[in-house]
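# would you be able to build a 3D model of this:
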Amino acid sequence: MTTSGRPKSRLDLNILPQRHRPRRLTPEALLSWILLLALIGLLVPSWQWFARTTADYERTAQEGEALRGAIGLSGPASEALDALATQVEVEESRAAELEGAIGSLGIRRVVWSDVLPVIVTRAPEGITLAGIGDSGDSILLEGLASSETLPLAYAAALSAAGVFDLVQVDSIDRLTEEATSTPTPRASASATPQAPSPPPSRFAFTMTLVVGARGAP
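A predicted model of the protein is given here:
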């Protein structure tokens, strides 16, 4: 039993081992904690900056890989376009050469084996053919006639052959020929002067023939 006037006994903690004693916060320990918190506060922004830099680097690396891939794909395409442009230039050069060759040879639309016998056999006496040429489906005739009406008769004969769609006389021109000089005979009492005979008249004509279905391929 305890009496009411006796004070309560207190436990002296100094007799406890050091690890069981309550620790007191000294100024040195407080300063250390403050410095540690300040260092942590400085490291947090640095860590955030490092994380952002790492993410930017990874994104840049991915974009670089994509760009290199695009360059790798566009390289063969560019080479193909260059090869195609070169081929187009070669084909254009060949086309120009072929066009020049065709222009020099002419596109033949006239079957000469069908129309040439008609042109020759239908020419009346007194007609001399001087030139025959073709231009597309037309034939150009040049010739000489002993009279002005012979080219018209020749055109009528060609029209009656049924080979040409059109027979047209383009021109008839009279040719002037100088009279050939004859030596003057020796004067004699019985000789009578003779007048030189007039040269024969000749006419140059041109004619256009349009080939019909029988004379075209």
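# quick check: domain ranges of the protein?
In the domain annotation for the chain, the residue ranges read 27-106, 107-177+201-217 (automatic domain parsing).
# highest mean neighbour count out of those?
Ranked by mean neighbour count, the domains of the chain are led by domain 107-177+201-217 with a mean of 16 (mean count of other CB atoms under 10 Å). For every residue, glycine as well, the C-beta is placed using N, CA and C.
# now it: average pLDDT?
Looking at domain 107-177+201-217 alone, the average pLDDT works out to 87.
# who does D134 form a beta bridge with?
With DSSP bridges as the criterion, D134 is bridged to I139.
# that one reaches V111, doesn't it?
No: the pair D134 / V111 is not scored as a contact, 10.5 Å apart, by CB atoms under 8 Å.
# after the longest helix along the chain comes which helix or strand?
When the chain is parsed with DSSP state H, its longest helix is helix 27-105. Beyond helix 27-105 on the C-terminal side, the first helix or strand identified by DSSP states H and E is helix 112-121.
# show me the contact partners of that following helix.
The list of residues contacting helix 112-121 from outside it, by CB atoms under 8 Å, 6 or more residues apart in numbering, reads L129, I132, I139, L141, L158, A161, V163, F164, L209, V211, R214, G215.
# so what secondary structure elements neighbour the longest helix of the chain?
Packing contacts for helix 27-105, counted by 3 or more CB pairs under 8 Å, 6 or more residues apart in numbering; DSSP states H and E, involve no helix or strand.
# partner strands of the helix or strand hosting V167, with direction?
Element membership for V167 (DSSP H and E) is strand 164-175. When pairing is defined by DSSP bridges, strand 164-175 lines up against strand 202-211 (antiparallel).
# angle of the partner strand against helix 112-121?
Taking axes from the mean of the first three to the mean of the last three CA atoms, to 10 degrees, one finds strand 202-211 and helix 112-121 inclined to each other by 150 degrees.
# what average pLDDT does stretch 81-93 get?
Averaged across stretch 81-93, the pLDDT comes to 77.
# returning to that earlier point: show me which pair in the contacts of helix 112-121 is furthest apart.
With distance counted by CB to CB, no two of the contacts of helix 112-121 lie farther apart than L129 and R214, which are 20.7 Å apart.
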